[in-house]
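>>> This is a predicted model, with the sequence first.
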Amino acid sequence: MNSSSAVGGDSATRTFRHANALAGRLRGIEGSPTLALAAKAKALAKAGKKVLDLTAGEPDFPTPAHVKQAGIQAIQADQTKYTPVAGIPELRAAVAACLSRQHRTDYQASKVLVSCGAKHALFNIFQTLCQSGDEVMIFSPYWVSYPPLVQLAGAKPVIVHTSEQDQFLPKLEAVRAALSQATKVIVLNSPSNPTGAVIDAGRLKAIAQLALERDLVVVSDEIYDQLVYPPARHVSIVQVAPELADRTLIVGGVSKTYSMTGWRIGYAVGPQPWIEAMTNVQSHSTSNPTSISQHAALAALTQDQQAVARMREEFQQRRDRLVGGLNHLSPLRCTLPGGAFYAWCNVSGLGQSSELTAAQWLEDALVATVPGEGFGAPGFIRLSFAASMETIEEALQRLSKWLSQRGH
Ligand SMILES: Cc1ncc(COP(=O)(O)O)c(C=O)c1O
């Protein structure tokens with residue numbers, strides 16, 4: 001028997017079968033556009049081009065030294081074996097203590113599931129709570145992964161638009177209009193990626209009221225909760241409506257706050273029966289998150305927080321420079337983000353798609369950014385200020401030159 005008949009046909013047939021083998025729920029799901037653009041910018045830089053990379057969804061600072069040291073110590077102390085699926089007890093307790101402090105409430109470690117990044121926490125949540133026939137409300141501009149994460153669970157993302165005029169904050173009338181019998185979950189992301197919008201307490205209270213009335217689950221992605229610039233202030237929905245705690249899952253992690261994107265530690269905090277069900281899901285997929293990373297994350301959460309304050313201050317200065325600079329470049333327009341590390345710039349005045357503009361910025365000016373299409377908001381471009389002040393200054397100069405060459 002030759003090898004082709006052993007697998008049941010010639011190579012053409014095999015190729016055809018492979019293409020058709022993909023599960024239907026993957027239809028329309030593509031890789032993350034932000035990760036793809038970041039990879040493209042890195043490839044250009046590797047090829048010797050002087051690319052200014054403003055695509056990054058990660059702080060450009062190193063992981064704090066004491067956190068790295070905790071990882072090294074974990075290896076040396078042979079903490080390199082399987083851990084409990086939901087995470088080492090000390091880390092679960094540390095997450096519970098941090099959130100309890102922030103929310104002035106009392107979370108127990110049993111309500112915490114540690115996962116391989118906040119993205120994985122969200123994956124577990126949708127896999128556990130959603131199925132075919134369920135609708136999940138997502139506000140646009142949205143973080144690129146929410147719709148695919150919902151679709152991968154067989155549920156339907158329902159997009160509710162927010163506008164520049166409303167500082168990209170959700171409007172209650174729009175939420176009401178989009179609700180149906182099938183709505184099961186509402187996803188909040190404050191501070192927001194990509195707009196930096198921070199939802200105020202009053203608006204959160206109104207959303208909480210609606211969630212109670214309509215028996216909704218709230219998923220509150222608060223991964224940027226420590227990256228908020230005064231006078232903006234982060235408030236969690238469970239702080240303004242404690243009665244919502246038994247139907248809310250809070251998502252967070254160490255990636256953004258502690259510059260630990262590669263360590264892959266995130267978490268979900270919420271009602272214990274859901275956390276237990278999500279732990280079961282995780283037990284059959286990744287098992288525990290990396291033991292070494294868990295020990296590093298424990299050091300990040302429980303030791304010196306000065307590095308966080310330093311990064312926040314630096315981000316704020318860069319934000320002011322980038323947003324101020326963009327607003328001097330007619331016809332670009334940019335609202336001031338209250339949190340996260342992205343400038344969300346209206347480029348519609350250029351009279352062409354944001355996808356084309358971002359492609360031209362990369363090709364002509366070697367400035368890498370992410371167009372709004374992937375965030376469900378054409379007409380805008382996301383520029384990360386998780387880049388050095390020099391990079392930001394030079395990017396502004398290059399964009400200014402690009403615009404003037406086009407008669408702006
Ligand atoms: C809004 C939002 N949620 C979740 C994540 C995922 O973060 P992690 O690195 O913890 O998976 C990101 C990362 O870009 C994000 O922007």
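Ah, there it is. Numbers count the residues shown, from 1 in each chain.
>>> Let me see the contact set for the one residue in the chain that gets nearest to the ligand.
Distances between the chain and the ligand by CB to the nearest ligand atom are smallest at G117, namely 2.7 Å. The C-beta positions use only the backbone N, C-alpha and C, and glycine is treated the same way. Applying CB atoms under 8 Å, 6 or more residues apart in numbering to G117 gives the contacts 253, 255, 264-266.
>>> Same check on D60?
Applying CB under 8 Å, 6+ apart to D60 gives the contacts 386-388.
>>> of the residues you listed, closest to L332?
The closest of the contacts of D60 to L332 turns out to be A387 (CB to CB; 17.5 Å).
>>> Need the phi and psi values for that closest one.
For A387, the backbone dihedrals are phi -140, psi 160 (criterion: degrees, to the nearest 10).
>>> In the stretch 201-350 of the chain, mark out all the helices, start to finish.
Using DSSP state H, counting those that start in this stretch, the helices of the stretch 201-350 of the chain run over residues 201-213, 237-240, 272-283, 291-302, 306-327.
>>> Just the CA atoms of the second one, as PDB, please.
Presented in PDB, the C-alpha positions along helix 237-240 are these (Å, rounded to 0.1, in the frame of the first residue of the first chain):
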ATOM      1  CA  ILE A 237     -19.800  48.200  38.100                       C
ATOM      2  CA  VAL A 238     -19.900  46.100  41.300                       C
ATOM      3  CA  GLN A 239     -18.800  49.100  43.300                       C
ATOM      4  CA  VAL A 240     -21.700  51.200  42.300                       C
END
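>>> which one of the helices of the stretch 201-350 of the chain has the most crowded surroundings?
helix 291-302 (a mean of 23; mean count of other CB atoms under 10 Å).
>>> Over to P59. Which of the three states is it?
coil (DSSP: H, G, I helix; E, B strand; the rest coil).
>>> Give me the neighbour count for it.
Neighbours of P59 under the rule other CB atoms under 10 Å: 22.
>>> Do I have it right that it meets A386?
Yes - contact status for P59 versus A386: in contact at 5.1 Å, counting by CB atoms under 8 Å.
>>> residue contacts, T279?
T279 touches 85-86, 113, counting by CB under 8 Å, 6+ apart.
>>> which sections of the stretch 251-400 of the chain are below the confidence cut-off?
The model of the stretch 251-400 of the chain has no residue with pLDDT under 70.
>>> Equivalent analysis for the stretch 1-150 of the chain, please.
1-17, 19.
>>> Burial check on A97, number of neighbours?
Neighbour number of A97 under other CB under 10 Å is 16.
>>> my read is it is in a helix, agree?
Yes - checked against three-state DSSP, A97 lies within a helix.
>>> residues contacting it?
A97 touches Y107, counting by CB under 8 Å, 6+ apart.
>>> how far away is it from L44?
44 Å (CB to CB, to the nearest Å).
>>> before we move on, back to that, now, the contacts of T279 that are in strands?
L113 (DSSP state E).
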